[in-house]
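Engineer: structural data only, the sequence is not supplied:
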């Protein structure tokens with residue numbers, strides 16, 4: 001009995017085995033160059049497109065100039081700080097020497113003053129002793145004069161001696177408190193030098209603190225500029241959109257130069273470089289219930305004319321769990337093709353049993369990107385069963 005094949009027809013596209021890799025923009029800007037075309041082979045790292053980096057290059061130059069200027073300022077501030085440190089050290093050392101010298105003078109003047117006090121006290125004691133002696137002799141001579149033992153002239157000499165002793169005692173007492181002006185001047189000099197040195201050190205310290213504040217500001221700005229430069233260089237690296245893997249450009253989203261892209265925008269789809277292929281068929285939703293895994297498939301490849309090469313055999317390997325939009329799916333035209341599948345279709349994966357169609361004299365290698373039509377054999381029935389099924393369908397209508 002002659003069997004009749006009941007088939008489900010669906011457009012099919014040849015795809016490389018393995019999952020496609022999406023290439024996304026990691027920087028934003030307008031496209032300056034497009035280096036690849038659809039179906040072009042690329043190696044991992046090859047440039048797919050170049051984003052205009054004029055603004056980023058300008059930012060980089062500005063940041064480099066700012067960094068260079070900041071580094072010069074920091075070097076100048078470091079030199080100024082070193083000069084101030086040397087000045088502080090020199091001023092401190094000089095102040096210590098001046099104060100040490102002034103303190104030595106003070107000690108010398110204090111010693112001289114104390115010596116003067118000691119000498120004055122000794123002179124007073126000596127003058128007092130001389131006065132007492134002169135007075136005793138005067139008294140003794142006056143008594144002798146009353147008896148006539150001594151002359152009046154001798155008494156007057158003793159009176160004169162007493163007067164002289166009193167005068168000397170008065171003079172010595174007047175010198176009892178020597179002037180301490182030298183001591184006061186020495187102390188004043190120490191205070192003046194101390195004040196002058198401290199003022200100079202305070203001024204230099206203030207200048208150093210100001211220099212340190214400026215240094216910290218420039219250094220903070222330098223750190224910020226270096227971070228900005230690192231960010232700009234990072235973005236510049238991504239202005240060249242590169243292929244993440246070796247393979248074939250299956251789809252290119254770039255339409256023209258000057259097209260503006262944002263971070264995360266899809267740029268291309270790359271099929272991994274492999275000799276294995278699969279066939280992706282889009283089965284209409286009303287026919288999917290007739291498709292099962294393991295069913296045989298005959299595929300007509302448009303690039304391999306059916307009259308010359310026949311069909312490519314295959315097996316259903318998988319079907320999508322849900323329908324997807326198939327508006328943009330390429331549908332090959334065949335004279336005897338059924339009507340286009342509905343807008344919502346199921347993706348069915350077909351594994352071909354061979355990678356080439358051949359006749360006695362010609363070969364047709366199956367390559368990614370080729371299109372065709374699949375006939376999925378859902379079942380076989382006799383001609384009588386076919387007509388009875390058609391009759392039942394018409395009766396139900």
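Structural biologist: In hand now; what should we look at? Since the structure is predicted, the reported quantities are computational estimates derived from the model, not experimental observations. Residues are numbered from 1 along each chain as shown.
Engineer: what helix or strand does residue 38 sit in?
Structural biologist: Using DSSP states H and E, residue 38 maps to neither a helix nor a strand.
Engineer: shouldn't it be in contact with residue 254?
Structural biologist: No. Judged on CB atoms under 8 Å, residue 38 makes no contact with residue 254 at a distance of 10.5 Å. The way it works is simple: take the backbone N, C-alpha and C, and place the C-beta from them, glycine included.
Engineer: overlap in contacts of the two?
Structural biologist: Common neighbours of residue 38 and residue 254 are not found (criterion: CB atoms under 8 Å, 6 or more residues apart in numbering).
Engineer: of the two, which one has the most company?
Structural biologist: residue 254 (18 against 12; other CB atoms under 10 Å).
Engineer: buried stuff in stretch 278-285?
Structural biologist: 278, 279, 280, 281, 282, 283, 284 (16 or more other CB atoms under 10 Å).
Engineer: can you pull up the bridge partners for the fifth one?
Structural biologist: Just to be clear, that refers to residue 282. residue 347 (DSSP bridges).
Engineer: any idea how far it is from residue 346?
Structural biologist: 7 Å (CB to CB, to the nearest Å).
Engineer: do the same with the fourth one
Structural biologist: Applying CB to CB, one obtains 9 Å for the distance of residue 281 from residue 346.
Engineer: just the second one next, same as before
Structural biologist: As judged by CB to CB, residue 279 and residue 346 stand 14 Å apart.
Engineer: same question, residue 294
Structural biologist: 16 Å.
Engineer: ditto for residue 72
Structural biologist: 69 Å.
Engineer: looking at those two, which one has more neighbours?
Structural biologist: The neighbour comparison of residue 72 against residue 346 (other CB under 10 Å) goes to residue 346, with 22 against 11.
Engineer: ok, that one - contacts?
Structural biologist: 282, 283, 284, 285, 288, 291, 319, 320, 322, 323, 324.
Engineer: what of residue 283?
Structural biologist: Residue 283 touches 8, 10, 291, 319, 341, 345, 346, 347, 348, 376, counting by CB under 8 Å, 6+ apart.
Engineer: please repeat the previous calculation with a cut-off of 6 Å.
Structural biologist: Neighbouring residues of residue 283 by CB atoms under 6 Å, 6 or more residues apart in numbering: 10, 291, 345, 346, 348.
Engineer: among those residues, which pair sits farthest apart?
Structural biologist: The two members of the contacts of residue 283 with the most space between them (CB to CB) are 291 and 345, at 11.3 Å.
Engineer: who has more neighbours out of these two?
Structural biologist: residue 345 (25 against 18).
Engineer: starting at the chain centroid, how far to the helix or strand containing residue 89?
Structural biologist: Following DSSP H and E, one finds residue 89 within helix 54-147. Between the mean C-alpha location of helix 54-147 and the chain-wide mean there is a distance of 54 Å, by CA atoms, centre = their mean, to the nearest Å.
Engineer: go on, stretch 220-231?
Structural biologist: With CA atoms, centre = their mean, you get 6 Å for stretch 220-231.
Engineer: same thing with stretch 197-206?
Structural biologist: 39 Å.
Engineer: residues in contact with it?
Structural biologist: Counting by CB under 6 Å, 6+ apart, residues outside stretch 197-206 touching it are 84, 87, 88, 91, 95.
Engineer: so where is the chain shaky, pLDDT-wise?
Structural biologist: Counting by pLDDT under 70, the chain has low-confidence residues at 1-3, 115, 117, 119-120, 173-181, 183, 274-275, 326-342, 381-397.
Engineer: given the lengthiest strand in it, what are its sheet partners and their directions?
Structural biologist: Ranked by residue count under DSSP state E, the longest strand found in the chain is strand 3-16. Next to strand 3-16 in the sheet, as set by DSSP bridges, lie strand 277-284 (antiparallel), strand 371-382 (antiparallel).
Engineer: possible to save those strands as JSON lines with distance to residue 166?
Structural biologist: Putting the strands paired with strand 3-16 into JSON lines (distance: least, CB to CB, whole Å) gives the following:
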{"stretch": "strand 277-284", "distance to residue 166": "143"}
{"stretch": "strand 371-382", "distance to residue 166": "148"}
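Engineer: of the ones you listed, which is nearest residue 300?
Structural biologist: strand 371-382 (5.1 Å).
Engineer: I'd like to know how many residues surround residue 154.
Structural biologist: That count, for residue 154 with other CB under 10 Å as the rule, works out to 14.
Engineer: next up, the contacts around it.
Structural biologist: Counted by CB under 6 Å, 6+ apart, residue 154 has contacts residue 141.
Engineer: and the angle for whatever helix or strand it lives in with helix 54-147?
Structural biologist: Using DSSP H and E, residue 154 sits in helix 152-174. Inter-element angle recorded for helix 152-174 and helix 54-147: 160 degrees (by axes from the mean of the first three to the mean of the last three CA atoms, to 10 degrees).
Engineer: return the set of buried residues in helix 152-174.
Structural biologist: 155, 158, 161, 162, 165, 168, 169, 172.
Engineer: same check on stretch 208-227?
Structural biologist: 208, 211, 214, 215, 218, 221, 222, 225.
Engineer: state the distance from the fourth one to residue 136.
Structural biologist: In other words, residue 215. Distance from residue 215 to residue 136, by CB to CB: 87 Å.
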